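# Sequence below, structure please.
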Amino acid sequence: MHNNRALGWLVVLCVGVPFASAQSAAGSVTVAKDASTGVDWVTVAPPEFPGAINNPLKGFRDYQPDGYGLLQRIYIPWSAIEAGTDDSVDRLIAHTNKITQIKGRRFEELNVKLVPRVYLDWNGTSGRQHWPADLQTFDYDSPTFQARLRRLVAKLGEAWDNDPRIFAVQMGLIGYWGEHHTPAPTAEQRRLLTEAFQKAFKHKPVLVRHTDPEFMAAGFGIYYDTFANVSREPPTREESQLPWQATHVYPEIWKRAPIEGEVEYNWQQQRPAADPENTFGRTPDETMKGPAYRHYMIDKIRRYHASYLGWISGYNANDSAVLAGAAELQKTFGYRFVIDALSYPLTAQPGGNLTLKLTVRNTGSAPFYLDWPVAVALLDPKTRQPLWSAPLNGVDLRRWSPGEDWDSAAHAYRRPAQPHHAAGEATLRSDVKPGDYILALAILDRQGGMTPSVRFATKNYFRGGWHPFGFIGVGRTPPDAALKNIPFDSPAFDDSLSYKVPAKLLAVQPPPIPEVKAVARWAPDPAQELINPWRYWTLESRSKNLEKRVSADGPVEGPAGRRVLSVVGDFGQGSSLKHTFFNERKLKPGRYRFACQVRGTAGQTVQFQIADGGRSIAKATTIPLSPEWREHVVEFEIKSPLKDESSLRFILPKDTTGEFDLTDTRLRELD
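Residues are numbered from 1 along each chain as shown. This is a model prediction of the structure:
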């Protein structure tokens, strides 16, 4: 049903003036004279295309040749794009050229966009780290690393901010898989990263894993790795996770940058608390086929205004029932632009201005986040090809917002998507020949050569990206404005659409590897040292006012320099500073001696523990704090093989404010 109020807005100046109307496959067409100017205006109310559209920058985060999906998220090891501090940005560009291909076809040919994430550590185990040769593995805390981090982000911006293949950039870099845990970025690192990414990326959205206050103030989006998992959905108080944050703390994150992530099917299959039967099933195909599963997933997509998701994208597009379910989700993801009405003058003059008035509703779940133009064209009625086209000045599709305030019970937005009224203008070239043309609209890929890309949800469509609406005369009056007996193409899948990448960019080759002074990688020596001085100590805390800091004012020299780890602020409940050896280096049964130097708030104490996973395996040692550095030695015994990860941890004082400083940690076997 078309929006009558929208039609009224377009022809308000024509009330009381004789008009002609017609009905065609292109929708209802009305021609009416503006009483104040004498100009005849054509108003078209096109029929909505009822199906899903395989549009870019939304939907399923994996390319599907036979289904919906025009996005690829790719992990990029830091060491693959930078051999050392003096490496050229060309290595990064050449690597981007290498990875933007699918079975011999380039992303631009397929209309596919890339969402990259640079990472250092896959999961903490040996052989899965990707530090450049001149940086110490696991060294997140040193000033050297911080400086390199800033320089790398600048290179990412230089390579990607104007690359048409890139849609958005996931921050990554810190923690397992670049997901900002184990370790989480410190407040200092968050401030550094925020400043660096804001400076580097002016045209591309930046996405982060967690809603840390620095990132939210910067307007970054979210990549969330357990999307729709019921154990993290309110009323469960997982306050650090997106569901709680998006509903209770930052309800308008989605208005500034995309919400995306992955649907964790392993969690569904392995954890009974996930309740797969009453949520979204155990596999992508189950989600697509089960009406109740789809209903649950659509509820979460709508609630969090998600633009696209991964893992769920691994559905079988060759199963017709699965593909039909995928179409239902595709219509829900991201933007979906329904044209209620378009108005244009029946006649235009060469060299004159052409004004269009447009009423659009975004019936999807999210805005469109890039500054892509809406363009008008005059098409040859025989070839359907544009003889002239130009962007419409004054039209900003980023303002076309969806509904808000999702009501799960009603399965609808409490504030439905409202009609957005836009007026745009373009100047016809003076050499456009008089004649009758088809007036058409398209949304162009701005960085990708201004080629048609996004399709409106209207049946009025020609293969190649243009939406026809009616006839317009240049230098003359056409006999009829309505498009009659002109067959349309389906906008659902159009494999003719592509974009352009500058030849200069594609020609970049990997530069020669610069001379790099590689650092010696640390290895444990049971007779001397079992603690990697470069391995981070992780702060674990529920307190929002506790911060881990790193400085270089320690009392002794050592492999990691005079590095001091400090925990400062409100310790709250259950805060600790932990060093994990990870599964490849479990402490074996035997006797050990741990030594360190500590200082802190006078009168406070910390508890030193040895743990097997979350279980303490030896009696805790109380260590008193003082403003002066003091050395402490703890001997302990492990009597049986450990089952989980070995860790050392300092349990911080409860319900008090203070400071705890740690340096010069050492561990050796005594036997």
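# Would you map out the domains in the chain?
By the assignment in automatic domain parsing, the chain contains the domains 4-45+338-359+376-439+466-484, 59-332, 538-669.
# Just say which of these is most tucked in.
domain 59-332 (a mean of 19; mean count of other C-beta atoms under 10 Å). To be clear about C-beta, it is placed using only N, CA and C from the backbone, and glycine gets the same treatment.
# now do the same end-to-end measure for that one.
Length of domain 59-332, first residue to last, C-alpha to C-alpha, to the nearest Å: 8 Å.
# what lines up beside the strand ranked longest in the chain in the sheet?
Criterion DSSP state E: the longest strand present in the chain is strand 657-669. Take DSSP bridges as the rule and strand 657-669 pairs in its sheet with strand 564-570 (antiparallel), strand 590-600 (antiparallel).
# Out of those strands, flag the one nearest Y536.
Comparison of the strands paired with strand 657-669 against Y536 by C-beta to C-beta identifies strand 564-570 as nearest, at 8.8 Å.
# What's the mean pLDDT across stretch 197-210?
Mean pLDDT, stretch 197-210: 98.
# just how off-centre is that stretch within its chain?
Put simply, stretch 197-210 sits 9 Å off its chain's centre (C-alpha atoms, centre = their mean, to the nearest Å).
# So what touches it?
Here stretch 197-210 makes contact (C-beta atoms under 8 Å, 6 or more residues apart in numbering) with 115, 153-154, 156-158, 160-162, 166-171, 178-181, 184, 215, 218, 220-225, 240, 257-258, 260, 369-371, 447.
# now do 6 Å
Applying C-beta atoms under 6 Å, 6 or more residues apart in numbering, the external contacts of stretch 197-210 come out as 153-154, 156-157, 161, 166, 168-171, 179-180, 215, 218, 220-221, 223, 257-258, 369.
# just checking, which of the residues you listed belong to strands?
V169, Q170, G221, Y223.
# Mind putting those into JSON lines with pLDDT?
What follows is the ones in strands among the contacts of stretch 197-210, written out as JSON lines (pLDDT from 0 to 100):
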{"residue": "V169", "pLDDT": "98"}
{"residue": "Q170", "pLDDT": "98"}
{"residue": "G221", "pLDDT": "98"}
{"residue": "Y223", "pLDDT": "98"}
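# from these, which single one is nearest W406?
Of all the ones in strands among the contacts of stretch 197-210, W406 sits closest to G221, with 18.1 Å by C-beta to C-beta.
# For that closest one, give its distance to K255.
Counting by C-beta to C-beta, to the nearest Å, the separation of G221 from K255 is 10 Å.
# joint contacts of these two?
Residues touching both G221 and K255 by C-beta under 6 Å, 6+ apart: none at all.
# does the residue minimising distance to the centre of the chain sit in a helix, a strand or a coil?
In the chain, the C-alpha nearest the mean C-alpha coordinate belongs to L207, at 4.4 Å (C-alpha atoms, centre = their mean). Three-state assignment for L207 (DSSP: H, G, I helix; E, B strand; the rest coil): strand.
# Please name the bridge partners of it.
Counting by DSSP bridges, L207 forms beta bridges with Q170, G221.
# any idea how far E264 is from it?
Per C-beta to C-beta, L207 is found 17 Å from E264.
# could you pull out the strands for the stretch 451-600 of the chain?
Shown for the stretch 451-600 of the chain, the strands assigned by DSSP state E, counting those that start in this stretch span residues 451-454, 467-474, 538-540, 546-551, 564-570, 576-580, 590-600.
# Strand 546-551 and the biggest helix by length in the chain, what's the angle between them?
For the chain, the longest helix by residue count, based on DSSP state H, is helix 143-160. With axes from the mean of the first three to the mean of the last three C-alpha atoms, to 10 degrees applied, the angle from helix 143-160 to strand 546-551 works out at 100 degrees.
# what mean pLDDT does stretch 515-522 have?
92.
# Run through who's touching that stretch.
A83, G84, A133, D134, Q136, T137, N532.
# Spit out the contact partners of T182.
G175, Y176.
# again with F138
Per C-beta under 6 Å, 6+ apart, neighbours of F138: W534, R535.
# Kindly provide the distance from M297 to P526.
Distance from M297 to P526, by C-beta to C-beta: 51 Å.
# ok so, going back, now render the strands of the stretch 451-600 of the chain as CSV, adding distance to A492 and mean pLDDT.
Output for the strands of the stretch 451-600 of the chain, formatted as CSV (distance: least, C-beta to C-beta, whole Å; pLDDT from 0 to 100):
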stretch, distance to A492, mean pLDDT
strand 451-454, 13, 98
strand 467-474, 14, 98
strand 538-540, 48, 92
strand 546-551, 51, 91
strand 564-570, 54, 96
strand 576-580, 50, 93
strand 590-600, 64, 95
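# Select, out of the ones you listed, the one closest to F608.
When the strands of the stretch 451-600 of the chain are compared (using C-beta to C-beta), the closest one is strand 590-600, at 7.5 Å.
# Next, the angle from that closest one to strand 576-580.
140 degrees.
# chain center to strand 590-600: distance?
Averaged C-alpha coordinates place strand 590-600 at 42 Å from its chain's average position (C-alpha atoms, centre = their mean).
# cool, and stretch 118-129?
With C-alpha atoms, centre = their mean, you get 21 Å for stretch 118-129.
# next one: stretch 479-495
That offset, for stretch 479-495, works out to 35 Å (C-alpha atoms, centre = their mean).
# on that earlier part again, right, so of the strands paired with strand 657-669, which gets closest to L439?
That would be strand 564-570 among the strands paired with strand 657-669, by C-beta to C-beta, at 62.7 Å.
# Dig out what Q101 forms beta bridges with.
Applying DSSP bridges, one finds that Q101 bridges with R106.
# surely E645 meets K578?
No - look at E645 against K578 with C-beta atoms under 6 Å: they stay out of range, at 9.9 Å.
# Between the two ends of stretch 496-513, how far is it?
For stretch 496-513, the end-to-end distance is 39 Å (C-alpha to C-alpha).
# before we move on, the earlier item: closest one to L323 among the strands of the stretch 451-600 of the chain?
With C-beta to C-beta as the criterion, L323 lies closest to strand 451-454 of the strands of the stretch 451-600 of the chain, at 21.5 Å.
# Let me see the residues that make contact with that closest one.
Contacts of strand 451-454 (C-beta under 6 Å, 6+ apart): N55, P56, A442, I443, D445, G465, Y499.
# for the stretch 151-300 of the chain, what spans make up the helices?
Applying DSSP state H, counting those that start in this stretch to the stretch 151-300 of the chain gives helices spanning 187-200, 213-217, 242-244, 265-270, 284-289, 291-304.
# Also the stretch 301-450 of the chain?
In the stretch 301-450 of the chain, the helices defined using DSSP H, counting those that start in this stretch lie at 320-332.
# For it, give me the ranges with low pLDDT.
Applying pLDDT under 70 to the stretch 301-450 of the chain picks out no residues at all.
# Report the separation between the residue nearest to the centre of the chain and H305.
Taken as C-beta to C-beta, the span from L207 to H305 is 14 Å.
# ditto for R282
Going from R282 to H305 by C-beta to C-beta gives 26 Å.
# cool, A390 as well?
Distance from A390 to H305, by C-beta to C-beta: 32 Å.
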